[in-house]
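Novice: Predicted model and sequence follow; I will ask about them next.
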Amino acid sequence: MIARLYGAVIRGLLVALMIATPALIVPGISIDSSQATVLIALIAAIMTFVEYNSASPSIVEFRDASPFNRLRFIALFVTVLVLSLISKGKSDPTLLTNALTSIGTILGNSIDFPYSPVRLVVLMLPAGADDVVVQSVRTTAGLSYLTSLMAMTAFLFLVRVLGWPSRSGAFNMFVNLPLFDPTTGGDILHRLHRDARINIALGFLLPFLIPAVVKLAADLLNPISLENSQTLIWTMTAWAFLPASMIMRGIALQRIAEMIRDQRERAYASAEGNFQTA
């Protein structure tokens with residue numbers, strides 16, 4: 001119980017720190033924005049603490065199937081931190097911020113080809129956008145996209161090479177998939193495979209769909225202004241992280257389906273052997 005409480009506190013503090021990172025690093029944040037950031041960070045920390053301190057899960061998936069959630073959090077934290085440092089470098093440049101900006105510029109320019117996700121993000125900007133804003137969007141998009149690709153590659157390595165999650169012990173469906181009811185909706189293997197395919201397909205499509213939807217919505221609503229540093233950081237982070245998270249979830253569900261299939265085959269083989277022996 002003490003270990004669970006300690007882990008929940010640490011996780012809550014880390015989530016709060018991640019949310020507050022842009023406000024702590026980027027200069028020139030207004031008082032209203034700082035207060036809103038503190039409130040959101042506090043709420044997120046409390047929700048994370050309650051979730052991980054409870055014995056029964058509520059909404060967080062793969063809670064005991066480490067390092068799935070840790071890898072996603074690290075990718076999210078690194079993306080927010082790197083984009084915050086780049087934004088800080090616009091007014092207070094250092095060797096680190098200049099290096100990150102150069103890397104992001106190279107990546108953004110290399111990925112910015114026709115019909116690429118980065119090109120669609122750039123086209124999402126309103127007509128007549130300042131060249132500085134366009135370059136900032138391209139740079140942050142390149143770095144955030146690279147971070148998401150690295151996270152997906154690392155998780156795929158954990159699944160295919162290291163055998164996640166079987167090496168961490170027995171997989172508890174109730175704890176790790178609290179929103180998935182295995183007793184309803186037909187065969188569990190069919191449902192897992194279906195959900196996995198849907199998540200992977202949406203993960204690949206979202207980087208293309210999000211800019212298109214935002215561009216279409218700009219005709220009815222006020223377009224998103226990416227001149228604000230915090231808006232730019234969180235928009236680019238969400239644009240890259242959400243699709244990557246969905247693809248990782250799809251890979252995880254596919255892996256769980258394979259484990260259940262293998263367990264069924266072993267059970268059928270054992271029952272058939274016992275029947276022949278009898």
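Specialist: Received it, and whenever you're ready, just let me know what you need.

Novice: helix/strand/coil for Pro126?
Specialist: coil (DSSP: H, G, I helix; E, B strand; the rest coil).

Novice: And for Ala65?
Specialist: Under three-state DSSP, Ala65 falls in the coil class.

Novice: how much space is there between it and Ala252?
Specialist: Shown here: Ala65 relative to Ala252, a distance of 8 Å by C-beta to C-beta, to the nearest Å. (C-beta placed from N, C-alpha, C; glycine too.)

Novice: How about Leu177?
Specialist: Leu177 sits 9 Å away from Ala252, going by C-beta to C-beta.

Novice: Which neighbours do the two have in common?
Specialist: Phe62 (C-beta atoms under 8 Å, 6 or more residues apart in numbering).

Novice: More neighbours: these two, which one.
Specialist: Remark: of Leu177 and Ala252, Ala252 carries more neighbours, 24 against 21, as counted by other C-beta atoms under 10 Å.

Novice: list the contacts for the more buried one?
Specialist: Phe62, Ala65, Phe68, Phe155, Val159.

Novice: dump the residue contacts of the last one.
Specialist: With C-beta under 8 Å, 6+ apart as the criterion, the residues that contact Val159 are Ile251, Ala252, Arg255.

Novice: tell me the secondary structure for the spatially closest residue to the first one that is not a sequence neighbour?
Specialist: The spatial neighbour of Ile251 that comes closest, neighbours along the chain excluded (C-beta to C-beta, 6 or more residues apart in numbering), is Val159 at 5.9 Å. Using three-state DSSP, the three-state assignment for Val159 comes out as helix.

Novice: Looking at the contacts of Ala252, spot the one nearest Glu227.
Specialist: Nearest to Glu227 among the contacts of Ala252, counting by C-beta to C-beta, is Phe155 at 34.1 Å.

Novice: Distance-wise, check the closest one relative to Asn176.
Specialist: Note on Phe155: its distance to Asn176, by C-beta to C-beta, is 15 Å.

Novice: Just want to know which of the two has more residues nearby.
Specialist: The residue with more neighbours, out of Phe155 and Asn176, is Phe155; 23 against 19, by other C-beta under 10 Å.

Novice: ok, the more buried one touching Met248?
Specialist: Yes. Counting by C-beta atoms under 8 Å, Phe155 does reach Met248; the two are 5.0 Å apart.

Novice: Report the set of residues contacting both of these two.
Specialist: Common neighbours of Phe155 and Met248 (criterion: C-beta under 8 Å, 6+ apart): Phe68, Leu71.

Novice: Just the C-alphas of stretch 187-200, formatted as PDB.
Specialist: What follows is stretch 187-200, C-alpha atoms only, in PDB (Å, rounded to 0.1, in the frame of the first residue of the first chain):
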ATOM      1  CA  ASP A 187     -15.500 -13.500 -29.500                       C
ATOM      2  CA  ILE A 188     -12.800 -11.600 -27.600                       C
ATOM      3  CA  LEU A 189     -10.200 -12.300 -30.300                       C
ATOM      4  CA  HIS A 190     -12.400 -10.800 -33.000                       C
ATOM      5  CA  ARG A 191     -13.000  -7.700 -31.000                       C
ATOM      6  CA  LEU A 192      -9.400  -7.200 -30.000                       C
ATOM      7  CA  HIS A 193      -8.300  -7.500 -33.600                       C
ATOM      8  CA  ARG A 194     -11.000  -5.100 -34.800                       C
ATOM      9  CA  ASP A 195     -10.100  -2.500 -32.200                       C
ATOM     10  CA  ALA A 196      -6.400  -2.900 -33.000                       C
ATOM     11  CA  ARG A 197      -7.000  -2.300 -36.700                       C
ATOM     12  CA  ILE A 198      -9.200   0.700 -36.000                       C
ATOM     13  CA  ASN A 199      -6.600   2.300 -33.700                       C
ATOM     14  CA  ILE A 200      -3.800   1.700 -36.100                       C
END
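
Novice: Can you list the buried residues in that stretch?
Specialist: Residues Ile188, Arg191, Leu192, His193, Asp195, Ala196, Asn199, Ile200 are the ones in stretch 187-200 that count as buried (16 or more other C-beta atoms under 10 Å).
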